[in-house]
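Visitor: Build the 3D model from these lines:
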Amino acid sequence: MTTTKTAAAPHGTKEWAEHNVNIQTGCEHDCRYCYAKCMAVRFKRATPESWQEPVIRPAAISKAYRKKPGRTMFPTSHDITEANVDECLIILKKLLSSSNDILIVSKPRIAVVERLIAELEPYRDQITFRFSIGSASDDVLGFWEPGAPNFDERIRSLQLAHDSGFQTSVSCEPMLDRHIGRVIEAARPFVTDSIWLGKANRLRCILALNCPDDDEVLAAAAQLIAWQSDDEIIALYERCRHDPIIKWKDSIKKVVGIDRPTEAGLDV
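Guide: All right, here's what the predicted structure looks like:
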């Protein structure tokens, strides 16, 4: 008797895009829950301390990028910052000039978004901006994402991209407190596509590598995990299920019983 293996549901970046491109190891935003940092520490490509001092990979800059089917996400394991925006623009222009469909994901700084908009305007129809905003509280953002911009700068960046005629979206993954509705309502006027909600994934395992022996972080993680219990997630889903702007990451689909796609990059 033979058995057929069921295809795993896409998760992480594969929910949004079939392909991804990155240009460096490390990120000065140094988010405590960062999966890319966790993997780099685990496989000894970085230490918890060195991660916030990024190293650009020259081979990624010099590489040629051909047209690929489906969408490409840039970046996935670091952010676009004032320190690397020149190099990021080199890659983005290569990808876009090869007619790729690009999802730009960032915790945005207004100066960086201004550069991206100015230089990528000819490719506007190939680009969707997806800005990460996990809380409307600067205290919460500052704790979990110590090097990243505050809430107001992220919303102003979203408005700038929207008002400049680009497709815009928001990722609230991970949701960092119980008040994600505040993010949804602040972002809604400037979103053309969707607002994604998702849980904090594998948080304890990630923090064990990213923030070893940090009791304050572990206590905050325990609280966040409690806030994202199945009962809490089901209640959130019932509140937002009929809102057409909301989409659900795989971490929530599993809890509430939504059908999970088997094909990568569908962005549904």
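
Visitor: residues in contact with residue 127?
Guide: Shown in contact with residue 127 (CB atoms under 8 Å, 6 or more residues apart in numbering): 96, 102, 103, 104, 120, 166, 167. The way it works is simple: take the backbone N, C-alpha and C, and place the C-beta from them, glycine included.

Visitor: ok, the residues you listed vs residue 253, which is closest?
Guide: Comparing these against residue 253 with CB to CB picks out residue 103 as the nearest, at 19.3 Å.

Visitor: Find the residue closest to residue 240 in space, skipping its chain neighbours.
Guide: residue 246 (4.8 Å; CB to CB, 6 or more residues apart in numbering).

Visitor: Apologies, that question was intended for residue 146.
Guide: According to CB to CB, 6+ apart, the nearest residue to residue 146 is residue 30 (5.7 Å).

Visitor: neighbours of the one you found, just the number please.
Guide: Look at residue 30: counted by other CB atoms under 10 Å, it has 19 neighbours.

Visitor: what residues are up against it?
Guide: Per CB under 8 Å, 6+ apart, neighbours of residue 30: 37, 51, 52, 145, 146, 147.

Visitor: Please put the alpha-carbon coordinates of stretch 26-35 into PDB.
Guide: Extracted in PDB, the C-alpha atoms of stretch 26-35 (Å, rounded to 0.1, in the frame of the first residue of the first chain):
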ATOM      1  CA  GLY A  26      22.600  41.300  10.100                       C
ATOM      2  CA  CYS A  27      20.200  44.200  10.600                       C
ATOM      3  CA  GLU A  28      20.600  47.300  12.800                       C
ATOM      4  CA  HIS A  29      16.900  47.100  13.800                       C
ATOM      5  CA  ASP A  30      17.900  44.100  15.900                       C
ATOM      6  CA  CYS A  31      14.300  42.900  16.500                       C
ATOM      7  CA  ARG A  32      14.200  40.500  19.500                       C
ATOM      8  CA  TYR A  33      11.900  38.100  17.800                       C
ATOM      9  CA  CYS A  34      13.800  38.000  14.500                       C
ATOM     10  CA  TYR A  35      13.800  34.500  12.900                       C
END
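
Visitor: low pLDDT regions in the chain?
Guide: 1-7 (pLDDT under 70).

Visitor: please redo it, this time with the cut-off set to 90
Guide: Across the chain, the ranges flagged by pLDDT under 90 are 1-9.

Visitor: Just the strands from it, written as ranges.
Guide: Assigned by DSSP state E, the chain shows strands spanning 19-20, 24-25, 55-56, 71-74, 101-106, 127-132, 167-172, 195-197, 246-248.

Visitor: tell me what the first one is packed against?
Guide: This points to strand 19-20. Where contact means 3 or more CB pairs under 8 Å, 6 or more residues apart in numbering; DSSP states H and E, strand 19-20 is packed against strand 71-74.
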